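1. Sequence and predicted model, in that order:
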Amino acid sequence: MILITGANGALGRLVAAELADRDDVVLGTRTPGPGPTAPGSAATSTNAAQATRPTQRRIDFDDPSSLDFTGVDTLLLISAGYGEDDVVIARHDAAITAAEKAGVRHLVYTSLSGDGDHLAYALAHRWTERRLARSPLAWTVLRNGLYAEFLAAIAAPGPDGTIAAPLGAGRLAAVARADLAAVAARVAAEPARHAGRVYELVGERALGGAELADAVGGSYEPGSLGAAREAIAASGGALPYQVPMLVGTYSAIAGGFLDGSGIEANALRTLLGREPRPALDAYRTAVAALSAS
């Protein structure tokens, strides 16, 4: 049995879709929806459509009593971010501990690319990797690069088409989220082949501000980090701890730390078994979706 945590999240939904043809996949989510919610449960005759939906389990990292991994062979632990370091670390530690107690055989963890160590949110990922290294579980670490879709959120054009994100002359080796989901599904489906491996997964073509602007028919006029900090804080769309995280991401990109040149062995193409999706296409699609929403 494979259990996917965060199955209602953007990455989790894509992984679940990749594994949709298997009957041994359980979706872990804080808010299970319609469908079987326990191993072996079946739909009623009046709701037979639910019978084809994957089994779900309530998995809430902030409620350790819900971390039931009974019967799970492979646990795909999608990082439970969106919190201060101590919160994220506690979530991951509780999940790994529960997996150990339940007899899970293999844990696959979605981490952060090695060139992301300059980012404020890297610490919880590296702590989790260390925790796994001393665990009796078999494990695989997927060091994901930043999503092209995330780049669309932090470097979207304004109403006049101008991208003012403070990327400077820096570039980001962004990855289409769907490609990272495909890799996670492949590894979770055959975990023994990947035991003890740490895979770097970044884009093969780094993107800069001018390219992003060309892709959406706009212009690139990078602002300052200070202006970005003020705009993020004023928008009310970020929690206090997220403001320095976002500004730090801009700074790392502008400084040339996330362009992929620091990655010695990028495993993305190998694990996909095909050419990666163009990150620029994923960026363009995500910008269009944001504009339409």
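-> In hand now; what should we look at? Numbering: from 1, shown residues only.
2. how far does stretch 164-182 stretch from start to finish?
-> Using C-alpha to C-alpha, to the nearest Å, the end-to-end distance of stretch 164-182 comes out at 32 Å.
3. wouldn't G81 be in contact with V88 here?
-> Yes - between G81 and V88 there is a contact at 5.8 Å, judged by C-beta atoms under 8 Å. The C-beta positions use only the backbone N, C-alpha and C, and glycine is treated the same way.
4. Between these two, point out the one with more neighbours.
-> Between G81 and V88, counted using other C-beta atoms under 10 Å, V88 has the larger neighbour count: 21 against 17.
5. Wasn't that one part of a helix?
-> Yes - under DSSP: H, G, I helix; E, B strand; the rest coil, V88 falls within a helix.
6. Hmm, it is touching A94, no?
-> No - using C-beta under 8 Å as the test, V88 is too far from A94 to be in contact (10.9 Å).
7. pLDDT weak spots in the chain?
-> Along the chain, segments meeting pLDDT under 70 span 35-52.
8. ok, which stretches of it are strands?
-> 2-4, 25-29, 55-58, 74-78, 106-112, 138-144, 162-163, 171-172, 198-201, 207-208, 219-220 (DSSP state E).
9. Name the residues that touch stretch 230-239?
-> Q242, V243, L246, V247 (C-beta atoms under 8 Å, 6 or more residues apart in numbering).
10. got the buried residues for that stretch?
-> Within stretch 230-239, the residues that count as buried by 16 or more other C-beta atoms under 10 Å are I232.
11. What about A279, how many residues nearby?
-> By the measure other C-beta under 10 Å, the count of residues near A279 is 28.
12. R134 now?
-> For R134, using other C-beta under 10 Å, the count is 6.
13. mind checking how far it is from A90?
-> Note on R134: its distance to A90, by C-beta to C-beta, to the nearest Å, is 17 Å.
14. do A282 as well
-> Separation of A282 from A90 (C-beta to C-beta): 32 Å.
15. Which one's more surrounded, the two?
-> Higher neighbour count among A282 and A90: A282, with 23 against 17, using other C-beta under 10 Å.
16. residues in contact with the more buried one?
-> Contacts of A282 by C-beta under 8 Å, 6+ apart are Y147, A148, E149, A152, A174, A176, R177, A178.
17. Widest-spaced pair of those residues?
-> Farthest-apart pair in the contacts of A282 is A152 and A178; separation 13.8 Å (C-beta to C-beta).
18. Show me which of these two is the more surrounded one.
-> Using other C-beta under 10 Å as the criterion, A152 and A178 rank with A152 on top: 23 against 20.
19. can you give me the helices in the stretch 101-250 of the chain?
-> In the stretch 101-250 of the chain, helices defined by DSSP state H, counting those that start in this stretch lie at 122-133, 148-154, 177-189, 209-215, 225-235, 242-254, listed in chain order.
20. of all the ones you listed, which lies closest to D73?
-> It's helix 177-189; of the helices of the stretch 101-250 of the chain, that one is closest to D73 (C-beta to C-beta) at 9.8 Å.
21. Mind giving me the packing neighbours of that closest one?
-> Applying 3 or more C-beta pairs under 8 Å, 6 or more residues apart in numbering; DSSP states H and E, we find helix 177-189 packed against strand 2-4, helix 10-18, strand 74-78, strand 106-112, strand 138-144, strand 198-201, helix 268-272.
22. Quick check: end-to-end length of stretch 193-209?
-> For stretch 193-209, the first-to-last residue distance is 39 Å (C-alpha to C-alpha).
23. Now it: buried residues?
-> Going by 16+ other C-beta under 10 Å, stretch 193-209 has these buried residues: H194, V198, Y199, E200, L201, V202, G203, A206, L207, G208, G209.
24. swap in stretch 97-116?
-> Within stretch 97-116, the residues scored as buried using 16+ other C-beta under 10 Å are 98-99, 104, 106-116.
25. Let me have the residues you listed in a markdown table, extended by distance to I232.
-> Shown next, in a markdown table, are the buried residues of stretch 97-116 (distance: C-beta to C-beta, whole Å):
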| residue | distance to I232 |
| --- | --- |
| A98 | 35 |
| A99 | 36 |
| V104 | 39 |
| H106 | 39 |
| L107 | 34 |
| V108 | 33 |
| Y109 | 29 |
| T110 | 25 |
| S111 | 25 |
| L112 | 21 |
| S113 | 23 |
| G114 | 26 |
| D115 | 23 |
| G116 | 19 |
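26. from the residues you listed, which single one is nearest P166?
-> The closest of the buried residues of stretch 97-116 to P166 turns out to be G116 (C-beta to C-beta; 17.9 Å).
27. From what I see, A227 and A165 are in contact.
-> No - between A227 and A165 there is no contact under C-beta under 8 Å: 10.3 Å.
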